[in-house]
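1. next one to model:
(one chain, ligands or ions: 1)
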Amino acid sequence: MSEPIRVIDSHTGGEPTRIVLSGVPDLGGGSVLEQMQVFGERFDNFRSAIVNEPRGWDAMVGALLVPSDHPECEHGIIFFNNVGTLWMCGHGTIGLGVTLRYLGQADLGIQKVESPVGVIEFELLDDHTVQLINVPSYRYRKDVEIDVPGYGPATGDIAWGGNWFFLMKEHGQQLELENVRQLTAYCTSVSETLARHNLVGEDGKAIDHIELFAETDNPEADSKNFVLCPGLQYDRSPCGTGTSAKVACLLADGVIGPGEIWRQESIVGSIFEASAVWNDDKSRCIPTVRGTAFVTADAQLILQGEDDLRFGIGKSDS
Ligand code: PYC
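-> Numbering: from 1, shown residues only. Reported below is the predicted structural model:
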């Protein structure tokens with residue numbers, strides 16, 4: 001049996017985060033991007049053991065605090081989900097801030113953390129509220145037309161907010177919680193269509209998050225979304241990186257001005273408040289995303305050597 005692995009679970013607007021506090025594998029140092037690559041290549045069983053059944057579940061996002069050699073950062077962070085690593089995670093960063101506060105390891109104020117795609121800042125505003133200042137974000141392509149088999153023509157923007165997104169305003173779907181199955185099927189078809197036509201992010205990376213928007217009748221929000229993540233789970237929160245991609249598009253279209261607040265509601269009704277300001281040459285913007293998180297468990301995970309399923313269903317020892 002391995003040593004018990006201490007984790008703190010939280011949820012940010014309904015979306016879970018599991019921060020791993022002990023038993024973190026030695027990833028050999030270097031940049032957090034390099035450490036993420038080592039984690040993905042050599043420690044996939046560990047990833048699966050933390051987030052997948054029978055110990056976790058498909059919507060769980062895990063996070064490792066790792067060393068950072070960046071001069072401004074005390075830690076690095078690597079996020080992962082049911083199928084692999086994530087470039088960045090906004091709801092998870094909000095969960096991280098609230099978890100560090102719960103542990104007595106964070107004062108109110110700003111901290112910098114190195115993610116695989118750049119340094120992010122988060123400001124702990126109170127015990128449950130965190131404001132993320134995300135990596136530079138931008139729209140790469142506007143009004144990309146696709147034909148979704150079985151559904152018909154649709155249009156979306158390709159944008160980066162720390163992950164690659166396809167953002168769709170016109171899709172013919174009803175964004176209601178009881179339609180999650182249909183929304184998942186539709187977004188899966190969109191994702192397959194993008195891959196089939198080699199529609200990718202600027203650096204050739206897969207667009208692995210699909211984000212649908214609709215009007216909302218909630219007076220506290222400006223829009224409602226549904227976000228399908230790479231492991232075919234939907235984001236219960238409004239998605240921090242997805243909301244960053246959204247405000248990048250809104251700023252580019254002049255729908256919001258620099259610093260103007262956009263309130264993004266998720267499919268479960270939770271809300272992030274976001275805004276963005278331009279960088280010097282207006283090629284990128286810096287998004288700010290504010291949300292709340294709550295700790296749900298302070299637990300020890302046990303991996304027993306005799307348990308064939310200790311690394312997750314479908315995962316073997318090797
Ligand atoms: O909040 O950025 C986010 C996120 C990505 C995947 C799930 N949540």
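
2. got the residues of the chain near the ligand?
-> 15, 61, 86, 89-91, 163, 229, 235, 237, 239-241 (CB under 6 Å from any ligand atom). C-beta here means a position set from N, CA and C on the backbone, and glycine is covered the same way.

3. so which of those residues sit within helices?
-> Using DSSP state H, 90, 91, 240, 241 are the members of these that sit in helices.

4. from those residues, which two are the most distant?
-> Taking CB to CB as the measure, these span a maximum distance of 8.7 Å, between 91 and 241.

5. is it correct that residue 243 falls within a strand?
-> No: using DSSP: H, G, I helix; E, B strand; the rest coil, the assignment for residue 243 is helix, not a strand.

6. show the contacting residues for it.
-> 90, 161, 225, 262, 264, 272, 274, 287, 289 (CB atoms under 8 Å, 6 or more residues apart in numbering).

7. ok, the residues you listed vs the ligand, which is closest?
-> Distance ranking of those against the ligand, using CB to the nearest ligand atom, places residue 90 first at 3.5 Å.

8. got the CA positions of whichever helix or strand residue 122 is part of in PDB?
-> Here residue 122, judged by DSSP states H and E, is contained in strand 118-124. Provided in PDB are the C-alpha atoms of strand 118-124 (Å, rounded to 0.1, in the frame of the first residue of the first chain):
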ATOM      1  CA  GLY A 118       2.400  31.200 -18.200                       C
ATOM      2  CA  VAL A 119       2.300  33.000 -14.800                       C
ATOM      3  CA  ILE A 120      -1.200  33.700 -13.500                       C
ATOM      4  CA  GLU A 121      -2.200  35.800 -10.500                       C
ATOM      5  CA  PHE A 122      -5.000  35.200  -8.100                       C
ATOM      6  CA  GLU A 123      -6.300  37.600  -5.400                       C
ATOM      7  CA  LEU A 124      -7.900  36.100  -2.400                       C
END
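
9. strands along the stretch 201-318 of the chain, start to end?
-> Per DSSP state E, counting those that start in this stretch, the stretch 201-318 of the chain carries strands over the ranges 209-214, 223-228, 262-265, 271-278, 285-301.

10. what comes up buried for the last one?
-> Yep, that's strand 285-301 we're talking about. Neighbour-count burial for strand 285-301, counted by 16 or more other CB atoms under 10 Å, picks out 285, 286, 287, 288, 289, 290, 291, 292, 293, 295, 301.

11. quick one: what helix or strand has the nearest residue to residue 118 once chain neighbours are set aside in it?
-> Nearest non-adjacent residue to residue 118, counting by CB to CB, 6 or more residues apart in numbering: residue 135, 4.2 Å away. Here residue 135 sits in a region with no helix or strand, counting by DSSP H and E.

12. could you do residue 41 as well?
-> When secondary structure is defined by DSSP H and E, residue 41 falls within helix 32-42.

13. CA atoms of the next helix or strand after that helix as CSV?
-> Following helix 32-42 in sequence order, the next helix or strand is helix 44-51 (DSSP H and E). Taking C-alpha atoms only, helix 44-51 is exported to CSV below (Å, rounded to 0.1, in the frame of the first residue of the first chain):
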residue,chain,number,x,y,z
ASP,A,44,-0.7,8.8,-15.9
ASN,A,45,-1.7,6.1,-13.4
PHE,A,46,-1.3,8.6,-10.6
ARG,A,47,-3.5,11.1,-12.5
SER,A,48,-6.2,8.5,-13.0
ALA,A,49,-6.1,7.2,-9.4
ILE,A,50,-6.7,10.7,-8.1
VAL,A,51,-9.7,11.8,-10.3
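
14. report the distance from helix 44-51 to the chain centre.
-> 17 Å (CA atoms, centre = their mean, to the nearest Å).

15. ok, back up a step: from the residues of the chain next to the ligand, list the buried ones, please.
-> By 16+ other CB under 10 Å, these give 15, 61, 86, 89-91, 163, 229, 235, 237, 239-241 as buried.
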